[in-house]
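**Student:** Compute the structure for the input listed below.
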Amino acid sequence: MTLLLGTLCLWALTLLALTMAGLGGRIAPITEGGEPPPPLRALHLTQGQSRLGPLPSFAEVGARPLLSADRRPHAVSAVAGDAGSATLDAIVTSILITPRLQMAVLTMNEGGQSRRVRVGENVEGTQWRLLALKPRQATFEGPSGQQTFPLRVFDGKGGVPPTRVESAATEASAVAPVATSAPGSPPEAQATPAPPSQPMSALMPAPGEKAMTQEEQVEAIRRRIEARRAQLRAQPPRDTDDRR
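**Tutor:** The predicted model follows:
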């Protein structure tokens, strides 16, 4: 910092000394009797001809295009995807309507891709625009006019079937405790095997009865497990010491 300040002071003193020695004192205004300065030269502009040439000379470029193999003009063919965009082949799977957002989710029938589109936007890859939304339908506008799509709802067909009761009962019987025998005891001293579980037809409703709900089925399985455990606890332990 000290070196920088010293340099600035030295430059200031140098300029002051040059000014006092007459720096800039030779510039003086023109006196009335003095010789006027020489006038500037006049600049004359001449109109030149364009190097591109006249416009009719470019007609040959249109008659013989450079990007064609035969240098002949060809009719512009339609885009390959325009023919399939006459109709929108999609299904409306979801509609979202909020004060700030209105959006529909489409599933394209060709490929199964999902497309999210807001009101006023075009569906990606098509020329169809989402025009309006209602809770159960969406209106699109495209090359062939307006088209309304209903919201797809579940009609009870298809989907994953419910869990079978037999599998739940099998898992429940597998977790039931099994009594173990002491080491060295004869085979007859071991705990008797559990009786086979009741057929699952007992849990299945009769044709004229009301079908059991999932909660009722779980409760019935739980009661059977508790009854089996109580039965095992009620059995008296066998005396294996007398048989030795």
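**Student:** now the strands: where do they sit in the chain?
**Tutor:** Residue ranges of the strands in the chain, as given by DSSP state E, are 90-97, 102-108, 114-118, 129-134, 137-142, 145-150.
**Student:** Out of these, flag the one nearest Ala220.
**Tutor:** Put simply, out of those the one that sits nearest Ala220 is strand 90-97, at 37.6 Å, with distance taken as C-beta to C-beta. To be clear about C-beta, it is placed using only N, CA and C from the backbone, and glycine gets the same treatment.
**Student:** Which other helices and strands does that closest one contact?
**Tutor:** Applying 3 or more C-beta pairs under 8 Å, 6 or more residues apart in numbering; DSSP states H and E, one finds that strand 90-97 contacts strand 102-108, strand 129-134, strand 137-142, strand 145-150.
**Student:** again, only this time at 6 Å
**Tutor:** strand 102-108 (3 or more C-beta pairs under 6 Å, 6 or more residues apart in numbering; DSSP states H and E).
**Student:** quick one: strands adjacent to the strand it packs on?
**Tutor:** The strands beside strand 102-108 in its sheet (DSSP bridges) come out as strand 90-97 (antiparallel), strand 114-118 (antiparallel).
**Student:** Kindly list the longest helix within this structure.
**Tutor:** With secondary structure taken from DSSP state H, the chain has its longest helix at helix 214-234.
**Student:** What is that one packed up against?
**Tutor:** helix 165-174.
**Student:** any idea of the mean pLDDT for the helix it packs on?
**Tutor:** Within the predicted structure, the mean pLDDT of helix 165-174 is 54.
**Student:** With stretch 142-162 instead?
**Tutor:** 77.
**Student:** cool, and stretch 116-125?
**Tutor:** Model confidence over stretch 116-125, given as mean pLDDT, is 90.
**Student:** Any chance you could list what contacts it?
**Tutor:** Taking contacts as C-beta atoms under 6 Å, 6 or more residues apart in numbering, the residues outside stretch 116-125 that touch it are Gln102, Met103, Ala104, Val105, Arg115, Arg129, Leu130, Leu133.
**Student:** Which strand residues bridge the second one?
**Tutor:** I take that to be Met103. Met103 has the following beta-bridge partners by DSSP bridges: Leu96, Arg118.
**Student:** How is the protein partitioned into domains?
**Tutor:** Following the assignment in automatic domain parsing, the chain carries domains at 85-150, 165-181+195-234.
**Student:** want to throw the ones you listed into CSV with distance to Ala12?
**Tutor:** Formatted as CSV, the domains of the chain follow (distance: least, C-beta to C-beta, whole Å):
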stretch, distance to Ala12
domain 85-150, 66
domain 165-181+195-234, 96
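**Student:** burial measure for Asp89, as a count.
**Tutor:** Taking other C-beta atoms under 10 Å as the criterion, the count of residues near Asp89 is 13.
**Student:** Surely it and Gly111 touch.
**Tutor:** No. The pair Asp89 and Gly111 does not pass the contact test of C-beta atoms under 6 Å, sitting 10.0 Å apart.
**Student:** Spit out the residues that contact the two alike.
**Tutor:** The contact sets of Asp89 and Gly111 do not overlap (C-beta under 6 Å, 6+ apart).
**Student:** Quick check: which of the domains of the chain is nearest to Thr14?
**Tutor:** The nearest among these, by C-beta to C-beta, is domain 85-150 at 70.0 Å.
**Student:** re earlier: out of the domains of the chain, which comes closest to Leu55?
**Tutor:** Closest to Leu55 of the domains of the chain is domain 85-150 (C-beta to C-beta; 36.3 Å).
**Student:** low-confidence ranges in the protein?
**Tutor:** Per-residue confidence for the chain (pLDDT under 70) gives these ranges: 28, 31-34, 71, 73-85, 155-210, 237-244.
**Student:** Swap in 50 and give it another go.
**Tutor:** With pLDDT under 50 as the threshold, the chain has low-confidence stretches at 78, 80-84, 176-194, 196, 199.
**Student:** Right, I'll leave it there.
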